[in-house]
Structure formats: C-alpha cells, structure tokens
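>>> sequence plus the predicted model coming up.
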Amino acid sequence: MTPLYTAEATATGGRHGHAETSDGVISVNLAIPKAMGGPGGDGMTNPEQLFATGYAACFGSAVEYVARLEKAPLSAVTIHSKVHIGAKPGGGFQLAVELAAKLDGVDRAQAEALVARAHQVCPYSNATRGNIDVSISVLD
C-alpha cells in the first residue's frame, strides 16, 4: 500500500485519559461509560464512540464514491452506526458493528446495491472483515 494520508493520534491514560491528534484538531477527554462500570461524564467520549463516528463517516464516503462510479443519482447519504463492545468467550473483549444507511435519490434496490459495493471498498469494512460482526441495513 502507498499511503495517501496518515492520521496521527496519541492517547494517554487509556479509557480514562485524554486523546488528541497530532495537529490538535481533535482533543478529547476519555471516560469509561457508566454501562461498563465507569464514571461516564459530560463532555467525555470513549473509543467506541470515536470508532462509530469514524466508521459512519468513512462508510458514507464509500457510498458516495461507488455512486459516482455508477453514475447513480444519489443526492444525500446518512449513515447511523452502532459499535457494541462485550465480553468475548474465553476472555477479553469483542466489538460488533451495525450500520444503517439512508440514501436519498435512489430506489431501494439501487440503495442496497450501492451499500453492498461500498462495504467492499470502505477501508473500515476491509479492516474489520473477518474480525468482527458487521451488519448493514438500508433504511427507507
């Protein structure tokens, strides 16, 4: 692979610390969510929220990319993502992802085809394929 872009970030203190990108555009305080036994907190985020945000944005761009290639009349795309974390059988933790896509300007059959193709080209989808469960649906 020849990199087109490299993002750099540093996290200190794990899930109860601070993370920021090398350019300072993202600078967030981290907290373990209450649902996982942590304190949570206003203005705090966690790795799952950051992953959900990144995957949704990347997948949306992948849909737009394949729509351009196919000259589909896509007028807008919205991706809602959920990233689940849970205990893995045998120890450790596992992620699972749900992506729900709303595509404006195309019919349901074309939306399903675009989403399926986007799942093949999205770098997040390629990184997770075979490693975690990713379910994708198309919303009306």
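Thanks, I have the structure now.

>>> contacts and neighbour counts: CA atoms only from here.
OK.

>>> chain neighbours aside, what residue packs nearest to the residue minimising distance to the centre of the chain?
For the chain, Tyr55 is the residue whose C-alpha lies nearest the centre (CA atoms, centre = their mean; 1.7 Å). Of all residues not flanking Tyr55 in the chain, Tyr124 sits nearest, at 6.0 Å (CA to CA, 6 or more residues apart in numbering).

>>> so what does that neighbour look like in phi/psi?
Note on Tyr124: backbone dihedrals following degrees, to the nearest 10 are phi -70, psi -40.

>>> all strands of this protein, in order?
According to DSSP state E, the chain carries its strands in the segments 9-12, 18-21, 27-30, 44-45, 76-87, 93-104, 133-139.

>>> which of these sits closest to Phe59?
Proximity to Phe59 (CA to CA) singles out strand 76-87 among the strands of the chain, at 7.3 Å.

>>> chain center to that closest one: distance?
Distance of strand 76-87 from its chain centroid, counting by CA atoms, centre = their mean, to the nearest Å, is 6 Å.

>>> same check, this time on stretch 68-79
Here stretch 68-79 is found 19 Å from its chain centre; the criterion is CA atoms, centre = their mean.
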